[in-house]
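Novice: Return atomic coordinates for the entry below.
(chains A and B)
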There are 2 protein chains.
Amino acid sequence: MAATKTASKTDVLIIGAGPAGLMLALWLARLGVDARIVDKRTDKVYSGQADGFQVRSLEILDSFGIADKIWNESNHMIEVCFWNPDESGCIRRDNRVVNGRAGLSRFHEVVLHQGRAETFFLDAIRDSYGPSVAGGVGATDNKTRALVQERRISVERKVMPTSLTIDEQGAGDTTAYPVTVTLRHLSEAEATPTQMLSNVQDGLFRSNLNPPDDITMPPREAQASDAGPAATAAAAENDEVVQCKYVVGCDGAHSWTRKALGPEFDMVGEMTDYIWGVLDIVPITDFPDIRNRTMIHSASNGSLMVIPRENRLVRLYIQLTEVSVGSGRVDRSQIKPDMIIKAAKKIMSPYNIDYHYCDWWTAYQIGQRVGNHFSKLNRVFLAGDAVHTHSPKAGQGMNVSMQDTYNLGWKLGLVCKNILQPSVLSTYELERKAIAKQLIAFDHRFSRLFSGRPAKDILDETGVSMDEFASAFRQSHMFTTAVGICYQPSVLVAGPTDSDKSEAIGSIDENESVPQEHVPQSQAHSTSALSTACIVGMRFPSHQVLRHADARPWQLHHKMPSDGRFRLVVFGGELSSPSTSSSQLDRVNRLGAWLADTLLPRLPTITLMPGTTNLHGGGRPGYSLATQKPPSIIDVLLVYAGTLQDEEGLATSSFDLLGLHEVYHPFDPKLGHDYDKVFVDRPSHHDGEGKAYENYGIDRTRGALVGVRPDGYVGLVTSLDETGWPEVSKWLKGILEPRANGNE
Amino acid sequence: MAATKTASKTDVLIIGAGPAGLMLALWLARLGVDARIVDKRTDKVYSGQADGFQVRSLEILDSFGIADKIWNESNHMIEVCFWNPDESGCIRRDNRVVNGRAGLSRFHEVVLHQGRAETFFLDAIRDSYGPSVAGGVGATDNKTRALVQERRISVERKVMPTSLTIDEQGAGDTTAYPVTVTLRHLSEAEATPTQMLSNVQDGLFRSNLNPPDDITMPPREAQASDAGPAATAAAAENDEVVQCKYVVGCDGAHSWTRKALGPEFDMVGEMTDYIWGVLDIVPITDFPDIRNRTMIHSASNGSLMVIPRENRLVRLYIQLTEVSVGSGRVDRSQIKPDMIIKAAKKIMSPYNIDYHYCDWWTAYQIGQRVGNHFSKLNRVFLAGDAVHTHSPKAGQGMNVSMQDTYNLGWKLGLVCKNILQPSVLSTYELERKAIAKQLIAFDHRFSRLFSGRPAKDILDETGVSMDEFASAFRQSHMFTTAVGICYQPSVLVAGPTDSDKSEAIGSIDENESVPQEHVPQSQAHSTSALSTACIVGMRFPSHQVLRHADARPWQLHHKMPSDGRFRLVVFGGELSSPSTSSSQLDRVNRLGAWLADTLLPRLPTITLMPGTTNLHGGGRPGYSLATQKPPSIIDVLLVYAGTLQDEEGLATSSFDLLGLHEVYHPFDPKLGHDYDKVFVDRPSHHDGEGKAYENYGIDRTRGALVGVRPDGYVGLVTSLDETGWPEVSKWLKGILEPRANGNE
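Specialist: The predicted structure follows:
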């Protein structure tokens, strides 16, 4: 619990500790940034709310080391079934298909209660600072230890903002703290709304059918600000005034932060007449597809979706056709679990469905809204439900919210560490507002197809075609998995020249670009043809490669953790082929010399937190070996194409690691060489083959050089050779501050 | 910390909390047995000691849910390199091969410090009792909650036995507590030997070059027993007298328990003149294979083995040719890390090797010894190093020790719960003494080949042939992985009739059988030909199958956790093929009816602890749904062969789960059907195909019925049909007590 203070400073203040806020806090913890995260509630969510984890979210969580836990505890949704009315109006299974698309990622969609993910976030934030034991080689160096002491982030609960002001004069000065926020420290009683005492009794708590669930404060006379709905007082006893460099509102659909920014930050959009109920139950049923993701359109009783969950639970989304919307608000008193299950029984008839145990329930009205602005002066930002709301059935809300702050976190963190140029912050709105617009467009279409009455036949024009519905569902997976999203060119994303545009396999129908006039552009240009699957603006894909030093297979993503570093992935071609190796090795080593002697000395270094240390050969999370000096902000990885094999499938290495330039095996006088930077594309003994060159679409002779942002998105694709080097320089020059004592 | 008591009772007392003792404690915790585990030391091991985890150990640890943690933190040893002298006497790499054999298991050999495994054991013992939160569907039923309250096991440290007596009259009475042990509760100072204050300063602590590391107690006048080396007093102030049903000595090479059983329990074997040093260091070297398992034979400076470890550590085993053994004990004062690294430098020349950080070091003299007896009256048992010691280089010690108590744990536990007939306990010595003898024979051969001087040429008869060494190493993997071990026929293992002996692919050259006169035999007979890869006496292998209800791929082992249940795996054949399905479904359902109506009502049930609950669809460890009644001791799993596929590779199920007899989808009035018992052998969408029928060697039309013991070893292979049913009855009748109120 935070102590009561009167004034303090912080680089970043995060308002709200849901998935969006926790993702941001985790980034800042991993970067060792001075930050705070406050939440007005007493505790995290224990039941209900979001449950879907999409492919890209799992990749992101894996980059922090917490996807395994979700993967193991969650239910995996492998197939999806479509049930539609037959000629007699009775439901029957029309189709069963794979849920998503095989081969998109090493992950697929899974479902688990949001509260477990929040627990893993909290554990990961704590573990960012390494083990508490001191001494031995496992301990971190003194500088890191001091940072940890000073900057440890933990969620401060029962803390509510009451006013926010921005000193617009100071907004241009990176050393200034221009945002002033007043925080009130609440009592236990003040922080516990009556609706929370039993979630099963009032499932509509936090539903959009309900008024905002803001905490009701006793009235106070003076209003220091008219920004929020809560009463504020200039100098209340438990108030604290915080001077912030940056503030991020992750405070949900009724965002206090958004309201504090004024009416020009309002959400725009529309509501529909469709009302849906949600039940999390342990079902007792003879319905055959109760453990599959299943979409049911009944002839005239509405639609239903089955989401099988962990621990025998099943979530049912049930259309409530008998709830009247009328002219104004819905009559909430009608909606109870009994009437929701009754609606489900009608839709699923002739199958039976019942339950003994209900874990959670709610209901909501389908609508889509998006915020006009995602940031004010790049000093206050909005993320997650605070800037986009929609219906939950596609399992997008928590995912897009976490991805918002995953996009923002490293930018804010590296600006605070004087590593990134502050102008990069303008890419947050550019990149995430486009996604929010696509999300709203997708939800608009999908929810209407799902809530509509099935067409009786081809002439039934007011009905929905079940073929169209299934087709829309199946075409949506590049967007719903978030694997297909593609950020627009900017200073971070060096687009190709017009003469070198590749097929943009990542382009999305609903793509609505965002005006770029305030966003700086990169002076570098990509050569897209060098890699047909590393697309600038899209996430760098992961494939299996073997570590040169010990033949252990790794997903390449596992060597690209979220630690704040940019990465240059050197696809060096066939180094071990006798016909090409000598000249190819020369090319790779010339690049190595240029990196070590020319590029890296100009760029900042970064102090890695113990929780981000990239260990080779496994190792304990948070266990860190203190290196002599902080590494460069640029991490260099080499992936070469293996060729020669003896009869057992083992590569006959024609070169030793030490034959490569030292930039590919950094030497530390106390720890020796780093064996974790060079990888080979060849079959493994136990785990099949990754076919990395083939899958990345890179020529085994020509190779390629791929620049990857700290969030795993491709920023540059260019040549290994001298012709590519200036592009690397230009790309990084537009993004990074020069090396100086003031970094970090 | 245990309170000081004067008298108490326990079903099982475990002496020693190393890997063997902890494995036993974990079994008893998972079974909810009344047990205690004591250790004279103040804490677990923090560095050094064992580090190798073999394939079968990982499978066993996975059956308790803790293999993942070891797998993730450990270093994986994928390849092994052999370096030998060339013509000029200089070492060079002769060969590089896969370490072990691909396809033996889903695991392969990994290395991690023993102390991490001990931590995971302690966590798993704690988690056996489920989460501490009460209420809701997650809470366990009242009976389980009471058991948990009463029987929670945790390691009692600083507790040392001082006397042990057996009332031989009472040994035949299963309700009696015939073993009396006096325990002394030590002070912190008494429990901390001076050697332990700094392990780097005295690496020979716990080495076999040292005298026993027993705690030195202040002399006391009266010796109540002459069994152990420590002084004892009949009624010392901090002594406690414990009446036990069973006592298990897991107290290491200098076992106090073994000595307490008298001289007929002595170890027999021999010592060699070979002395080896061990260094756990972060190496600074140009040796190319430092991150591979590497065996170096130098021309005349001795041999060396590289074991790359987690966290940049490497363990080096280094032959110390300059240490003289002479007529008696080795001169220990010679041996220090400096001289060990000096020996390593000579062997590895012309490569350089050095270090800044040393984590641990020791030295030992190679020898092999095995105990005459593993049990006294089946009331006191010995396990692990207490009955077999040998050299550490093949990474066997910790593994065989854990496997000893994995064999014993369920037997003791189910006898204490009145589920298993006490005569089954005699199979412990039968099964594990044979393994110990094989281990000693293996180590005898391997260590001499490794320590011997390499032969200069084919005429050099006193030298060791490097081809013979490499060949012996590679042939040993069925034994060293423990996948090849095969227990002899007994009441637990129904051997085939003479006319039906299959090729025993599990037989091992060194197999030395143990006299069976006191071991009851099964009245059942196996029909080996029905499954060419489920071999009676060997572990049931794991292959990937898909869950019928949701198409999620699972390793079949994941549905066979160590929860104390026997399993009947019904390989039901092609249920979904239109040509055969009807008759095949009939066969499977007739078996189901016989199981449900005839067999199971005669057999005991078992109360499952929350930590063993087998959840479908993932779920939180320790999270349990309270069923209405405890399940049968027999768990029935159905694996059928999938056939029809549509163009997307999806099975078109020609039957619903509910078309199967209820024994395959047990129904609970509050929780509905259990969807986690029926699996299909077909390709998955994301994870390839398990080809289970092919890999188990089972005919897709005929099928098979396989009986699996609670420790995963095959006890019976017979037919699905009426001809097989009597074999199932006879097999279980010889093992289990009949159902009665007195069970558990």
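
Novice: avg pLDDT for the host helix or strand of residue A:119?
Specialist: With elements taken from DSSP states H and E, the one containing residue A:119 is helix A:114-127. Averaging pLDDT along helix A:114-127 gives 91.

Novice: so what does it touch, helix or strand wise?
Specialist: Counting contacts by 3 or more Cβ pairs under 8 Å, 6 or more residues apart in numbering or on different chains; DSSP states H and E, helix A:114-127 packs against helix A:19-31, helix A:67-73. Every residue, glycine included, has its C-beta placed from N, CA and C.

Novice: export those helices to JSON lines and tack on mean pLDDT, mean neighbour count and distance to residue A:536?
Specialist: Formatted as JSON lines, these follow (pLDDT from 0 to 100; neighbours: other Cβ atoms under 10 Å in any protein chain shown; distance: least, Cβ to Cβ, whole Å):
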{"stretch": "helix A:19-31", "mean pLDDT": "96", "mean neighbour count": "29", "distance to residue A:536": "23"}
{"stretch": "helix A:67-73", "mean pLDDT": "91", "mean neighbour count": "19", "distance to residue A:536": "25"}
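
Novice: Turn those helices into a markdown table, including distance to chain B.
Specialist: Shown next, in a markdown table, are those (distance: least, Cβ to the nearest Cβ, whole Å):
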| stretch | distance to chain B |
| --- | --- |
| helix A:19-31 | 18 |
| helix A:67-73 | 5 |
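
Novice: Tell me which of those approaches residue B:430 most closely.
Specialist: Comparing these against residue B:430 with Cβ to Cβ, the closest turns out to be helix A:67-73 (37.3 Å).

Novice: got the angle between the helix holding residue A:119 and helix A:19-31?
Specialist: Interaxial angle of helix A:114-127 relative to helix A:19-31 (axes from the mean of the first three to the mean of the last three Cα atoms, to 10 degrees): 20 degrees.

Novice: closest to residue B:693 out of the helices and strands packed on helix A:114-127?
Specialist: helix A:67-73 (27.6 Å).

Novice: Residues in contact with the following helix or strand past that closest one: which ones?
Specialist: Going down the chain from helix A:67-73, the next helix or strand is strand A:75-76, by DSSP H and E. With Cβ atoms under 8 Å, 6 or more residues apart in numbering or on different chains as the test, strand A:75-76 has contacts from A:108-112, A:308-310, B:550, B:552, B:617-618.

Novice: List just the nearest of those to residue A:56.
Specialist: For the contacts of strand A:75-76, the nearest to residue A:56 is residue A:109 (10.6 Å; Cβ to Cβ).

Novice: Hmm, residue A:481 and that closest one touching each other?
Specialist: Yes - at 7.3 Å, residue A:109 counts as touching residue A:481 under the criterion of Cβ atoms under 8 Å.

Novice: Name the SS class of residue A:683, please.
Specialist: Put simply, residue A:683 is coil when judged by DSSP: H, G, I helix; E, B strand; the rest coil.

Novice: whoops, residue A:596 was the one
Specialist: Assigned with three-state DSSP, residue A:596 falls in the helix class.

Novice: my read: it touches residue A:661, true?
Specialist: Yes - counting by Cβ under 8 Å, residue A:596 touches residue A:661, with 6.7 Å between them.

Novice: These two: which has the busier surroundings?
Specialist: Taking other Cβ atoms under 10 Å in any protein chain shown, residue A:596 and residue A:661 do not tie; residue A:661 has more neighbours (20 against 17).

Novice: Nearest residue to that one in space, ignoring adjacent ones along the chain?
Specialist: Of all residues not flanking residue A:661 in the chain, residue A:592 sits nearest, at 2.9 Å (Cβ to Cβ, 6 or more residues apart in numbering or on different chains).

Novice: can you pull the contacts of the one you found?
Specialist: When contacts are counted by Cβ under 8 Å, 6+ apart, residue A:592 is found next to A:636, A:660-664.

Novice: Swap in 10 Å and give it another go.
Specialist: Applying Cβ atoms under 10 Å, 6 or more residues apart in numbering or on different chains to residue A:592 gives the contacts A:570, A:572, A:636, A:638, A:660-665.

Novice: What residues of stretch A:325-341 count as buried?
Specialist: Buried residues in stretch A:325-341, counting neighbours by 16 or more other Cβ atoms under 10 Å in any protein chain shown, are found at A:330, A:335-337, A:339-341.

Novice: mind listing the strands for the stretch 151-300 of chain A?
Specialist: Listed in chain order, the strands of the stretch 151-300 of chain A (DSSP state E, counting those that start in this stretch) span A:155-157, A:159-166, A:179-185, A:239-249, A:267-285, A:293-297.

Novice: domain parsing for chain A?
Specialist: Here the domain parsing of chain A from automatic domain parsing is A:7-76+A:104-268+A:369-440, A:269-367+A:444-479, A:522-609+A:630-733.

Novice: So residue A:693, which state does it fall into?
Specialist: Applying three-state DSSP: residue A:693 is helix.

Novice: ah, wrong one, I meant residue A:473
Specialist: Strictly by three-state DSSP, residue A:473 counts as helix.

Novice: same check, this time on residue A:315
Specialist: Taking three-state DSSP, the label given to residue A:315 is strand.

Novice: Now the residue nearest to it when sequence neighbours are not counted. Its backbone dihedrals?
Specialist: Excluding the flanking residues, the one nearest residue A:315 by Cβ to Cβ, 6+ apart is residue A:307, at 4.1 Å. Taking degrees, to the nearest 10, you get phi -120, psi 100 for the backbone angles of residue A:307.

Novice: show me the contacts for residue A:307.
Specialist: With contacts defined as Cβ under 10 Å, 6+ apart, residue A:307 is in contact with A:51-52, A:75, A:77, A:111, A:278, A:280, A:292-294, A:313-317, A:393, A:395.

Novice: tell me, what's touching residue A:596 and residue A:661 both at once?
Specialist: Common contacts of residue A:596 and residue A:661 (Cβ under 10 Å, 6+ apart): residue A:636.

Novice: Against chain B, how distant is residue A:569?
Specialist: Separation of residue A:569 from chain B (Cβ to the nearest Cβ, to the nearest Å) stands at 21 Å.

Novice: Find the helix or strand that that residue is a member of.
Specialist: Using DSSP H and E, residue A:569 sits in strand A:566-573.

Novice: which stretch in the domains of chain A is the model least sure about?
Specialist: Of all these, domain A:7-76+A:104-268+A:369-440 carries the lowest average pLDDT, namely a mean of 84.

Novice: Done for today, thanks.
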